[in-house]
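[1] Sequence plus predicted model, see below.
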Amino acid sequence: MTLRLPWNERNGRFSGLKAATFAALFLPALWVAWQYQQGMLGARPLDEAIHQTGSWTIRLLFVSLAVTPLRPLWRMPRLLVLRRMLGVAAFAYGLLHLALYAIDQSLDLVRIAVEIVSRIYLTIGFVALLGLAILAATSTDAQIRRLGPQRWGRLHALVYPIGVLALVHHYMQAKIDVAEPLVMTGLFVWLMAWRFLPRAKDSLGALLVLAALCTIATALGEGAYFMWKANAPLDRVLAANWSWAGTIRPAWVVGGILAAVLAIAGARRVSSGVRSGGPRIPARSSTPDR
């Protein structure tokens, strides 16, 4: 059996896109390691490293989910070749997240097991990591052939509840600073809505409305969270989204990211229409989608 390198195509040819992505996936870990070595992670550097690797696990998981809508929206079917790499990288960062936690617990496996069982947010995170392990282990071409496309697709639909579990774990671990979990929730809602609202998939106008609704929902979610957690008045939290006091609100980030995605989609449609004289239909792949 010939070993296929991660930066090569199925036919063995070198892929610049895959090579650049593969190299980029190491950058967050190298950045965290450099910060740790330079003493830039605060009074509890290992704890901060654990948090950062956990955040990157969720980011990469959601980027892998974003490949499916970005392919047709950006007229870039080649993005499909990155999805498996991104999903496996999300699992790798989750494993690193757990390994750093184990080091923080002095590699006391009994204590680690007791903590995971007794602390609900750790239980949720561990279940999500086990789910990612299953998806990573069955992400090969051989497993797709063995399971069959339909069974493989049903199995890999677990990525959606895994994403929910990861978000819940993120909220519970973050406690009061929930800016990033709110951003990730807003983006996750958009990603799920794109999948389950088929009529909206090809309409940039409908997707723009959906982006606006997700942005508003993020602001409302922030207000509801702080009203529940800190008894903060809902109107004051919502009013902060209209204040330019220097703090970037989660709703702004969600709106900005989705606006950029749709702006690129619009530009690509115009560009492809000019080049070809009409809309270009993206190539379909035999690889099961999700």
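    Great, that's in hand.
[2] Skipping adjacent residues, who's closest to Trp252 in space?
    Asn241 (7.2 Å; CB to CB, 6 or more residues apart in numbering). From N, CA and C alone the C-beta is placed, and that goes for glycine too.
[3] my guess is that neighbour contacts Arg249, does it?
    Yes. The criterion here is CB atoms under 8 Å, and Asn241 meets it with Arg249 at 4.9 Å.
[4] Overlap of the contact sets of those two?
    Common contacts of Asn241 and Arg249 (CB atoms under 8 Å, 6 or more residues apart in numbering): Ala219.
[5] Could you check which of those two has the larger neighbour count?
    It is Arg249, of Asn241 and Arg249, that has more neighbours when counted by other CB atoms under 10 Å, with 22 against 18.
[6] what's near enough to touch that one?
    So Arg249 contacts 179, 219, 222, 240-241 (CB under 8 Å, 6+ apart).
[7] Quick check: the gap between it and Ala219.
    The gap separating Arg249 from Ala219 is 7 Å, by CB to CB, to the nearest Å.
[8] Name the residues contacting each of those two.
    Common contact partners of Arg249 and Ala219 (CB under 8 Å, 6+ apart): Asn241.
[9] Which positions within stretch 99-109 qualify as buried?
    By 16 or more other CB atoms under 10 Å, the buried positions in stretch 99-109 come out as 100-101.
[10] what does stretch 219-235 give?
    In stretch 219-235, counting by 16+ other CB under 10 Å, buried: 219, 221-223, 225-227.
[11] State the pair within the residues you listed that is farthest apart.
    Largest separation among the buried residues of stretch 219-235 by CB to CB: Ala219 and Met227, giving 12.5 Å.
[12] Would you agree Leu155 is in contact with Thr138?
    Yes. In this structure, Leu155 is within contact of Thr138 by CB under 8 Å, at 6.2 Å.
[13] Pull up the overlap in contacts between the two.
    Contacts common to Leu155 and Thr138, judged by CB under 8 Å, 6+ apart, are Leu147.
[14] hey, which helix is longest across this structure?
    helix 45-73 (DSSP state H).
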